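Visitor: Got a sequence here, can you build the structure:
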Amino acid sequence: MERNPQTDLVHPGERVDDLQNGFYVIQNPKKFCFGMDAVLLSGFAKIRKNARVLDMGTGTGIIPILLKGRGKGEHLTGLEIQEECADMAARSVAYNSLESAIDIVCGDIKEAAGIFGAASFDVVTSNPPYMIGEHGLRNPYMAKAIARHEVLCTLEDVVSQASRVLKDRGHFFMVHRPFRLAEIFQVLMKYKLEPKRMQLVYPYIDREPNMVLIEACKGGNSRITVERPLIVYEKPGEYTKAILEIYGMV
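Guide: Numbering: from 1, shown residues only. A predicted model of the protein is given here:
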């Protein structure tokens, strides 16, 4: 039976977005809505069906829900510091009747190992804030600023805690910006997360890349595979076949 978005789980000012995979997500357009980066990360991440997964900075819970829609991971946990976002994520989980498969925890990424314990996950995913203080204009709305700028956590906070909560040979998947690649690799290796796979995302074939997808392995050997570039648009408003496949539209 089709779900009714006028449920008690949806608060005034919020909307229910159909993910086109049998699941839905509750969002507030005045706060922070998920973007393509979350979808691309869920497609890029190679996760076994029996894996325990932690999504750091889960926002509205979009990545755990997308991963569950792809049959990735046995149990998923979303960690989110903003109470309002964590509440929205928990309601999205309930809206999809996924309470037995996804937990939402309100807490600080910097305290992840204390919250969950060391070596407690097979996989960690993260779509962290991309910008540091001098990069870009900070959004005046705090929820959006926290999601986009390193206001409450840094790249090193995310990577160091991911390394602590991952089991040996566990995998870390992240989407970030190419202009910070040198720093990303340096921080990953500092915390024994060896880069294993990378894919650059280009808005158009003749433009510079604006996203990078990275997989790292805790305690892995030194060898990285660079996958073929992922091009988003054939022309304005028209996705490439590769993007349509990731969105499940082909």
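Visitor: Can you check the pLDDT for the nearest residue in space to residue 226 that is not next to it in sequence?
Guide: Nearest non-adjacent residue to residue 226, counting by C-beta to C-beta, 6 or more residues apart in numbering: residue 198, 5.3 Å away. Placement of C-beta: from N, CA and C, glycine included. pLDDT for residue 198: 98.
Visitor: Residue 198 contacts residue 228, correct?
Guide: No - applying C-beta atoms under 8 Å, one finds residue 198 not in contact with residue 228, separated by 11.1 Å.
Visitor: looking at this structure, which helix or strand does the model trust least?
Guide: helix 142-148 (a mean of 47; mean pLDDT, DSSP states H and E).
Visitor: Could you give me the buried positions within stretch 153-170?
Guide: For stretch 153-170, burial by neighbour count (16 or more other C-beta atoms under 10 Å) applies to 153-155, 157-167, 170.
Visitor: which ones among the residues you listed are found in helices?
Guide: 155, 157, 158, 159, 160, 161, 162, 163, 164, 165 (DSSP state H).
Visitor: hmm, back to that, residue 198 and residue 228: which is more packed in?
Guide: residue 198 (19 against 8; other C-beta atoms under 10 Å).
Visitor: for that one, what are its contacts?
Guide: By C-beta atoms under 8 Å, 6 or more residues apart in numbering, the contact list for residue 198 reads 212, 213, 214, 215, 224, 225, 226, 227.
Visitor: One more: residue 250?
Guide: Per C-beta under 8 Å, 6+ apart, neighbours of residue 250: 241, 244.
Visitor: Relative to residue 242, how far out is it?
Guide: From residue 250 across to residue 242, the span is 9 Å (C-beta to C-beta, to the nearest Å).
Visitor: from memory residue 13 sits against residue 30, does it?
Guide: Yes - contact status for residue 13 versus residue 30: in contact at 6.5 Å, counting by C-beta under 8 Å.
Visitor: which two from the contacts of residue 198 end up farthest apart in space?
Guide: Spanning the widest gap among these are 212 and 225, at 13.6 Å by C-beta to C-beta.
Visitor: Show me which of those two is the more surrounded one.
Guide: Ranked by neighbour count (other C-beta under 10 Å), residue 212 and residue 225 place residue 212 first, with 19 against 10.
Visitor: and the next element down the chain from the lengthiest helix in the chain?
Guide: Using DSSP H, we find that the single longest helix of the chain is helix 83-95. Helices and strands here follow DSSP states H and E; after helix 83-95, the next one along the chain is strand 102-106.
Visitor: Give me the buried positions along the helix or strand that comes right after that following strand.
Guide: Of the helices and strands lying after strand 102-106 in sequence (DSSP H and E), the nearest is helix 112-116. Buried residues in helix 112-116, defined by neighbour count with 16+ other C-beta under 10 Å: 112, 113, 115, 116.
Visitor: Just name the closest of the residues you listed to residue 126, please.
Guide: Scanning the buried residues of helix 112-116 for proximity to residue 126, where the rule is C-beta to C-beta, the winner is residue 112, at 10.4 Å.
Visitor: Run through the residues that contact that closest one.
Guide: So residue 112 contacts 54, 56, 79, 161, 162, 164, 165 (C-beta under 8 Å, 6+ apart).
Visitor: how about 6 Å then?
Guide: Shown in contact with residue 112 (C-beta atoms under 6 Å, 6 or more residues apart in numbering): 161, 165.
Visitor: Kindly report the same for residue 234.
Guide: Counting by C-beta under 6 Å, 6+ apart, residue 234 has contacts residue 240.
Visitor: so it, which of the three states?
Guide: Residue 234 falls in the strand class when you classify it by DSSP: H, G, I helix; E, B strand; the rest coil.
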